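Engineer: Any chance you can model this:
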Amino acid sequence: MQIPPSVIKMERIIPKDMPKLQSPFVRKQIDGVYVVTPEIEEGYEWVFGDENVKAIEKIHGTNVSIIVEGGAITSMWNRTARIPFFNKGKDYISRGILNSFQRGYCDLPDGQWFGELVGPKINGNPYNLKEPLWIPFKTYCANKLAYKSWGKYPKTYEAISEWFKNLLPLFCMITQNTGYDTVKDSFVEGVVFTHPDGRMAKLRRDMFDWYEGKRH
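Structural biologist: Got it, this is the predicted structure:
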């Protein structure tokens, strides 16, 4: 006897926290500043030796994930804290998800999807957005914010350091709908390295000793 879909119990998705990403270079305190060194962190050789690795612009927002069940968004999470859909004082989170939904960014299979919430009231709004927006990592970022220049130059510390000095602000270029010449001074935080098997690492521009400005 076939059970009608309407009476099949859907298995609930248990939310997880986004794993903390580490630098692929060893970091040390030098002259009072915590910076990366040319030494590769043990276990992160894959970043520089695997041709399947992608270098994706790191979005500077706040970590928010959504749970999609039965094709609908059933909950929102900041790390492991559930965010109410109606949240006085923090309604910009719900608005950011809604804006993303209206753009089609939330057309995702069932599961937990991590992303960055950016815009007004979030980290000083470095992208100068007028409205909050949730950016899913595995779809939007992986497809639109991957640097094609990664891997075209030697993957040495010196070459990567120089490459980081001139990172294109891909997200700004898309959201401002303009060319590089007019956004060359726009904000770009760094890069997230991803491997097809799920491994990830990160490098921010402020991790290098040449960086001038406020550090994390």
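
Engineer: any idea which helix is longest in the protein?
Structural biologist: helix 91-102 (DSSP state H).

Engineer: Packing partners of that one?
Structural biologist: Judged by 3 or more CB pairs under 8 Å, 6 or more residues apart in numbering; DSSP states H and E, helix 91-102 is in contact with strand 62-69, strand 72-78, strand 111-118, strand 133-136. For every residue, glycine as well, the C-beta is placed using N, CA and C.

Engineer: Beta-bridge partners for the closest residue in space to residue 12 that isn't next to it in sequence, please?
Structural biologist: Residue nearest to residue 12 in three dimensions, not counting chain neighbours: residue 69, with 7.3 Å by CB to CB, 6 or more residues apart in numbering. For residue 69, the beta-bridge partners are residue 72 (DSSP bridges).

Engineer: quick one: low-confidence ranges for this structure?
Structural biologist: Applying pLDDT under 70 to the chain flags the ranges 1-11, 177-185.

Engineer: Let me see the ranges of the strands in it.
Structural biologist: Per DSSP state E, the chain carries strands over the ranges 25-30, 33-40, 54-58, 62-69, 72-78, 81-83, 111-118, 133-136, 190-194, 200-204.

Engineer: still on that earlier bit, deepest in the core, which of the helices and strands packed on helix 91-102 is it.
Structural biologist: Of these, the one with the most neighbours on average (mean count of other CB atoms under 10 Å) is strand 133-136, at a mean of 24.

Engineer: For it, list the C-alpha coordinates in CSV.
Structural biologist: Provided in CSV are the C-alpha atoms of strand 133-136 (Å, rounded to 0.1, in the frame of the first residue of the first chain):
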residue,chain,number,x,y,z
LEU,A,133,20.9,41.3,1.4
TRP,A,134,21.8,37.7,2.2
ILE,A,135,24.4,36.1,-0.1
PRO,A,136,24.5,32.3,-0.1
